[in-house]
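Q: model this:
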Amino acid sequence: MLKTPRSRRRVVIVTGMATVMAAIGAVSYQASAAEVAAPAAQGSDARAVSIPLIPTAIQPPEGSRPIGAYVVQTGTQNYTCGDTKTYGSSTPEAELIGTGGRVHHFGGPSWQSERDGSLVKASKTADSPRAGTIPELLLTVTSHSGHGIMDRADFINRLYTSGGVAPAAPCTPGTVASVPYTAVYVFWDAPA
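A: You can find the predicted model right below:
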């Protein structure tokens with residue numbers, strides 16, 4: 001049986017999330033039954049945890065602790081065609097599910113808990129290119145708002161990416177290309 005691009009993405013995400021769960025541990029956030037539709041992870045104590053296979057360039061600072069992991073349930077990278085008839089940078093639009101329930105990921109880039117409204121914005125600190133897909137990232141949280149599950153997040157990794165690459169063909173200025181992608185996002189608390 002041939003695997004479709006969709007089934008290949010699903011295999012990558014399941015494998016990635018399984019690796020994260022093996023390194024971090026089981027879900028410890030009190031999620032509702034409806035929110036436990038996908039696996040997630042959260043550290044159970046204050047020990048530093050290392051997730052295998054995170055490229056050196058995008059590892060969070062030594063001593064950082066994972067506080068949650070989320071898988072992209074549905075998501076696109078949205079590219080707008082510029083005056084040069086090529087697609088520029090992307091804006092994400094994704095629904096994530098994991099440790100603290102559902103999270104909306106959107107432009108900024110921003111992540112907002114659908115459970116409690118807490119929100120973080122971040123900026124790219126480093127990337128690790130991957131052939132045929134958007135790069136894996138380390139982001140540093142630049143602002144927090146509200147109180148809830150996002151309060152302790154200081155760093156974010158985007159890992160195990162699949163898809164999301166801008167179309168290479170010339171485009172009509174102003175058009176938007178929405179390219180599906182999947183990834184695992186791990187949120188980290190800074191070392192004390």
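
Q: CA only for contacts and neighbour counts going forward, please
A: OK.

Q: what pairs with the lengthiest strand in the chain, and is each one parallel or antiparallel?
A: Longest strand of the chain, by residue count under DSSP state E: strand 65-81. Partners of strand 65-81 in the sheet, by DSSP bridges, are strand 87-98 (antiparallel), strand 176-189 (antiparallel).

Q: Outside of the longest one itself, list whatever touches it.
A: The contact list for strand 176-189, computed with Cα atoms under 8 Å, 6 or more residues apart in numbering, reads 9, 13, 16-17, 60, 64-81, 152-167.

Q: quick one: average pLDDT of it?
A: What strand 176-189 shows for mean pLDDT is 97.

Q: can you give me the offset of it from its chain's centre?
A: Mean-position distance between strand 176-189 and its chain equals 4 Å (Cα atoms, centre = their mean, to the nearest Å).

Q: for it, which positions count as buried?
A: Buried residues in strand 176-189, counted by 16 or more other Cα atoms under 10 Å: 177-189.

Q: Give me the distance between the two termini of stretch 167-186.
A: 27 Å (Cα to Cα, to the nearest Å).

Q: same deal with stretch 106-126?
A: OK, stretch 106-126 end separation, Cα to Cα: 19 Å.

Q: quick check, distance from that stretch to the centre of its chain.
A: 10 Å.

Q: now stretch 133-149
A: 8 Å.

Q: list the buried ones in that stretch?
A: For stretch 133-149, a neighbour-count test (16+ other Cα under 10 Å) marks 133-141, 144, 149 as buried.

Q: Appreciated, that's everything.
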